[in-house]
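Visitor: Below is the sequence, then the predicted model.
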Amino acid sequence: MKQLDLEKIRTLIKYFIIQYNVTNILLAISGGQDSLYLINILETLKQQLFKIKLQISYIYIDHQWKQTSLQQIKHIINYIKLMKSSITIYQISKITLSEDECRTFRYNIILQHAAKYKFELVITGHNATDTIETFIQNIIKGSGIESLNNLAIKSKILQDTFILRPLLKLDREMIYWICKKFYLPIWSDSTNYVYKIQRNRIRQELIPYIKKYLHKNIEYNIKSLIHHYYYQNEYIKQSVIKLYLKSQHCKRTAISHQKIKTQNFLLQIKIIQLFCFDNFQMYLENSKIIKVINKINSKSLNLSRIMTYNHFIFFINNNWFYLSIKIY
């Protein structure tokens with residue numbers, strides 16, 4: 001079974017490289033078991049696909065949280081040197097334990113680096129265990145269904161750049177077994193045991209507690225739930241797009257409120273969100289959208305200004321809901 005999973009990962013990456021004619025790859029690494037396993041796969045594929053002439057580069061983001069940060073960087077550099085590849089290291093001087101803030105830093109740096117050097121494919125080491133932990137974090141935050149399964153194996157991040165997360169089907173224990181099998185030099189990260197970081201609490205305390213005292217198959221059940229949520233979310237998105245296109249005005253920045261008010265409340269929210277973003281790249285808060293929907297659904301409606309928001313005016317005229325820019 002383990003060997004079968006290994007072949008699936010190799011095949012997935014190889015297929016993606018060939019299908020999209022990828023020649024320039026950026027791998028975001030941490031020095032942990034996930035990134036070391038991916039380095040092993042990519043360097044092997046580089047030799048197997050010698051006709052393609054793959055260029056593989058690595059990027060590492062150092063938050064400088066721990067006293068051993070410099071030693072870890074040296075360890076990573078020495079290992080990449082053995083591969084005869086290049087690595088770029090960014091150091092974040094602001095010390096913080098906010099996981100959301102650090103994730104934003106990392107993503108923006110990787111995105112800017114990929115755009116600057118025209119990488120066609122960015123690969124990260126997110127695994128199935130990460131997906132479960134992210135799911136629990138999003139539930140704690142009260143996120144909507146679209147945020148509960150926000151890690152996709154493949155997505156487009158720039159016009160000519162994809163991001164691939166090939167390890168999403170493998171859990172952390174499986175990847176650890178693989179690294180041991182190939183004698184890969186895993187760096188033990190002490191920040192994984194800092195309990196001020198919410199993800200560490202979930203990983204080290206919450207999930208083991210649930211498995212022991214509440215339900216031993218909690219991880220499998222969450223995976224199944226994420227799988228179902230994915231299809232539910234895709235159905236909602238497709239329905240919203242279809243309804244939005246049918247509701248659009250042929251000439252003006254407007255949609256038919258008569259068609260909107262007959263829909264499910266959730267679809268009404270999503271259609272108005274899409275309307276605002278499609279025309280003005282504006283994300284409207286749920287509280288504002290609900291105010292708009294309540295006005296649209298009211299019985300007496302002819303010509304009415306609903307509200308102003310930043311530099312925009314929302315108003316109704318006959319059967320149409322309009323969004324216009326405020327003129328000073």
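Guide: That came through fine. Numbers count the residues shown, from 1 in each chain.

Visitor: mind giving me the domain ranges of the chain?
Guide: 2-214, 243-325 (automatic domain parsing).

Visitor: what's the longest helix along the chain packed up against?
Guide: The single longest helix within the chain, with elements called by DSSP state H, is helix 218-247. Using 3 or more C-beta pairs under 8 Å, 6 or more residues apart in numbering; DSSP states H and E, the elements in contact with helix 218-247 are helix 128-141, helix 207-213, strand 254-256, helix 257-260, helix 265-280. Any C-beta I mention is one placed from the backbone N, CA and C, and that applies to glycine too.

Visitor: From the rest of the structure, what touches the shortest one?
Guide: Right, strand 254-256. With contact meaning C-beta atoms under 8 Å, 6 or more residues apart in numbering, strand 254-256 is reached by 244, 247-249, 271, 275, 319-323.

Visitor: Would you mind measuring from the residue nearest to the spatial centre of the chain to I226?
Guide: Nearest to the mean C-alpha position of the chain, counting by C-alpha atoms, centre = their mean, stands L151 at 4.5 Å. L151 sits at a distance of 9 Å from I226 (criterion: C-beta to C-beta, to the nearest Å).

Visitor: shared neighbours of these two, anything?
Guide: Joint contacts of L151 and I226 (C-beta under 8 Å, 6+ apart) are T131.

Visitor: just to revisit the earlier point, got a winner among the contacts of strand 254-256 for most neighbours?
Guide: When neighbours are taken as other C-beta atoms under 10 Å, the top entry among the contacts of strand 254-256 is F321 (27 neighbours).

Visitor: Looks like that residue contacts M307 (just checking).
Guide: No - the pair F321 / M307 is not scored as a contact, 11.9 Å apart, by C-beta atoms under 8 Å.

Visitor: Check what pLDDT T262 gets.
Guide: Per-residue confidence (pLDDT) for T262: 86.

Visitor: re earlier: between F321 and M307, what contacts are shared?
Guide: With C-beta under 8 Å, 6+ apart as the test, F321 and M307 both reach 292, 314.

Visitor: picking up where we left off before, what's the least confident stretch among the domains of the chain?
Guide: Among those, domain 243-325 scores lowest, at a mean of 82.

Visitor: so how far is it from its chain's centroid?
Guide: 28 Å (C-alpha atoms, centre = their mean, to the nearest Å).

Visitor: right, and the residue nearest to the centre of the chain touches H126 too?
Guide: Yes - between L151 and H126 there is a contact at 5.8 Å, judged by C-beta under 8 Å.

Visitor: Identify the contacts common to those two.
Guide: 165, 168.

Visitor: residue ranges for the helices of the stretch 51-200 of the chain, please.
Guide: Counting by DSSP state H, counting those that start in this stretch, the stretch 51-200 of the chain has helices at residues 69-83, 99-116, 128-141, 172-181, 198-201.

Visitor: Quick one, which of those helices gets closest to Y20.
Guide: helix 99-116 (14.5 Å; C-beta to C-beta).

Visitor: Just give me the neighbour total for the nearest residue to the residue nearest to the centre of the chain once chain neighbours are set aside.
Guide: Spatial nearest neighbour of L151, excluding adjacent residues (C-beta to C-beta, 6 or more residues apart in numbering): T131 at 5.2 Å. Using other C-beta under 10 Å, T131 is surrounded by 20 other residues.

Visitor: any idea how far L158 is from T131?
Guide: Distance of T131 to L158, given as C-beta to C-beta: 23 Å.

Visitor: Then G125?
Guide: Taking C-beta to C-beta, one finds G125 at 20 Å from L158.
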